[in-house]
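>>> What follows is a predicted protein model with its sequence.
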Amino acid sequence: MPITITGGATLTGGANIGSGGSPAPTPSGVSDGYTSGGGDISGTLYSTIQSFSLSSDGNASDVGNLSASINGHASQSSSTSGYIAGGYGTGFSDTIEKFPFSSSTSSTDVGDMISAKSVLAGQSSADNGYISGGSPITNAIEKFPFASDGDSSSVGNLSVARGFACGQNSTSHGYTSAGHSGNPLNTIDKFAFATDGNATDVGDLTLARQSPAGQSSTDNGYASGGWPTDVIDKFPFSSDSNSTDIGDLTVLRTRASGQSSAASGYTSGGFASPTTISDTIDKFPFSSDGNATDVGDLTAGLQYIGGHQG
C-alpha cells in the first residue's frame, strides 16, 4: 500500500525508516549489530530480526521475529535490548516492542507511543529511548523508559517538523538530522537527555537528503547515504557545527539501517535503484576518515529497516 507524505514522495509497501537505527550510548560494550523488519523490492514486509558480528566481518543470520511484519519504525538500543517504535504494517503503528540481545528470541509488545506514525528517527540515552519526527509529519519528541515497560510521553519538539530523518546520540544529547518536510533537509537538531525540552538547530549536513542511516562514535555523529547521495557525513558532539564529508559508501543507497561498534559505523541494506534492494553490510572506521568497505550480507535485500547494536 503506497503512502504519500505531504509535500514529499510516494512510497510503495509502506513508509521508510528515516533513522536506520539509534546507536547505543556506550558503544564500547556492544558485540553484535542487528536489523529489524523492512521490505523487499515487491513491497512485501518482513518481521525478521537479523544479527551480525561487530568484532569480525561476516554475514547476518536470522535470530528472531517482530510481532508483525513492519517497516518505517524508529529503532533504539539499551544495554540489554533492542527496541522498535511505530512504523507501517497494515496501517500506521503506535506499538513499542523490545527483543533481548542475550538470546535468539522474538520481540514482545511493551508499550504504546502517543500516536501512530511512521518514518521516525530514533535515539537512545542510558535510560530512555527517544522517538523524533515522523509521518503524519510532526515535530514531536517522545521518550519511553528502558528500566520498565511502559508507554512514551511527550518531552519536546524538533526545530522543524519532518519525517525521513536519522538519529544519533552522544552520552548527553540526542540528534535528529536530515529528513523531508516538503523538501529534503540538511538540518541537525540537538536535544538534551537530562531535562525534557525542545531541540535546537545546531548545524547542517553537507547537503540536504532524506532517509540516511545514522551512526555514533564516542565523539561524533554520522549520517551515511540517503537520497540522493553515497556520502558519509560527520559532525562533532563537542561543539555545535556543520558536518564534513569524510568518505563514501560502496554504493549509493537510501532507506538503510545504521549500527555502531566502538571502532566502526555500519550501514546495512537499503534502496540502491528502482530495481535493486541491497543486502550489503558496509563498514567505515571512526578512527580515521575514509570510505566504507563491504564486509558482509544480510539474509535478504531489505529497505526501510531498523538498526540496533548490543
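That came through, no problem.
>>> what about this structure, any weak spots by pLDDT?
1-28 (pLDDT under 70).
>>> give me that answer again for 80
1-29 (pLDDT under 80).
>>> Tell me the first helix or strand C-terminal of the longest strand seen in it.
In the chain, taking DSSP state E as the definition, the longest strand is strand 200-209. Using DSSP states H and E, the helix or strand that follows strand 200-209 in sequence is strand 213-216.
>>> Mind giving me the packing neighbours of that following strand?
Under the contact criterion of 3 or more Cβ pairs under 8 Å, 6 or more residues apart in numbering; DSSP states H and E, strand 213-216 touches strand 166-169, strand 220-224, strand 257-260, strand 264-268. Where you see a C-beta, it was placed from the backbone N, CA and C, and this is true even at glycine.
>>> Is it possible to get CSV of the ones you listed that adds mean neighbour count?
Output for the helices and strands packed on strand 213-216, formatted as CSV (neighbours: other Cβ atoms under 10 Å):
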stretch, mean neighbour count
strand 166-169, 32
strand 220-224, 27
strand 257-260, 32
strand 264-268, 29
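>>> Which among those strands is found nearest to residue 125?
Across those, residue 125 has its closest neighbour in strand 166-169 (6.8 Å, Cβ to Cβ).
>>> After that closest one, which helix or strand is next? Please name it.
As assigned by DSSP H and E, the chain's next helix or strand after strand 166-169 is strand 173-177.
>>> in that following strand, what counts as buried?
For strand 173-177, burial by neighbour count (16 or more other Cβ atoms under 10 Å) applies to 173, 174, 175, 176, 177.
>>> just those now: which is nearest residue 89?
For these, the residue nearest residue 89 by Cβ to Cβ is residue 176; the value is 23.5 Å.
>>> so the closest one bridges to which residues?
residue 167, residue 189 (DSSP bridges).
>>> And for residue 99?
Per DSSP bridges, the residues bridged to residue 99 are residue 82.
>>> what residues are up against it?
36, 49, 64, 66, 81, 82, 105, 106, 107, 108 (Cβ atoms under 8 Å, 6 or more residues apart in numbering).
>>> Any of the residues you listed buried? List them.
36, 49, 64, 66, 81, 82, 107.
>>> Which residue is the nearest non-sequential neighbour of the fifth one?
Going back to what we said before, that points to residue 81. Excluding the flanking residues, the one nearest residue 81 by Cβ to Cβ, 6 or more residues apart in numbering is residue 98, at 4.5 Å.
>>> Just to check, that neighbour is in contact with residue 83?
Yes: using Cβ atoms under 8 Å, residue 98 makes contact with residue 83 at a distance of 4.8 Å.
>>> Please identify which of those two sits among more neighbours.
Taking other Cβ atoms under 10 Å, residue 98 and residue 83 do not tie; residue 83 has more neighbours (27 against 21).
>>> neighbours around the residue nearest to the more buried one when sequence neighbours are not counted, how many?
Spatially, and ignoring its direct neighbours in sequence, residue 83 is nearest to residue 76 (4.2 Å; Cβ to Cβ, 6+ apart). Residue 76 has 32 neighbours, counted by other Cβ under 10 Å.
>>> Helix, strand, or coil at residue 76?
strand (DSSP: H, G, I helix; E, B strand; the rest coil).
>>> In contact with it, which residues?
Counting by Cβ under 8 Å, 6+ apart, residue 76 makes contact with 22, 82, 83, 84, 85, 122, 123, 124, 129, 130, 308.
>>> and residue 51, how many neighbours does it have?
Neighbour tally, residue 51, other Cβ under 10 Å: 21.
>>> Tell me what it is bridged to.
Listed beta-bridge partners, residue 51: residue 34, residue 61 (assigned using DSSP bridges).
>>> Ok, residue 213 next?
According to DSSP bridges, beta-bridge pairing links residue 213 with residue 224.
>>> Could you measure from it over to residue 76?
15 Å (Cβ to Cβ, to the nearest Å).
>>> same deal with residue 264?
Residue 264 sits 20 Å away from residue 76, going by Cβ to Cβ.
>>> so where do the strands sit in the stretch 101-250 of the chain?
Remark: strands assigned in the stretch 101-250 of the chain by DSSP state E, counting those that start in this stretch are 108-112, 121-124, 128-132, 140-145, 153-157, 166-169, 173-177, 185-192, 200-209, 213-216, 220-224, 231-236, 244-248.
>>> Many thanks, have a good one.
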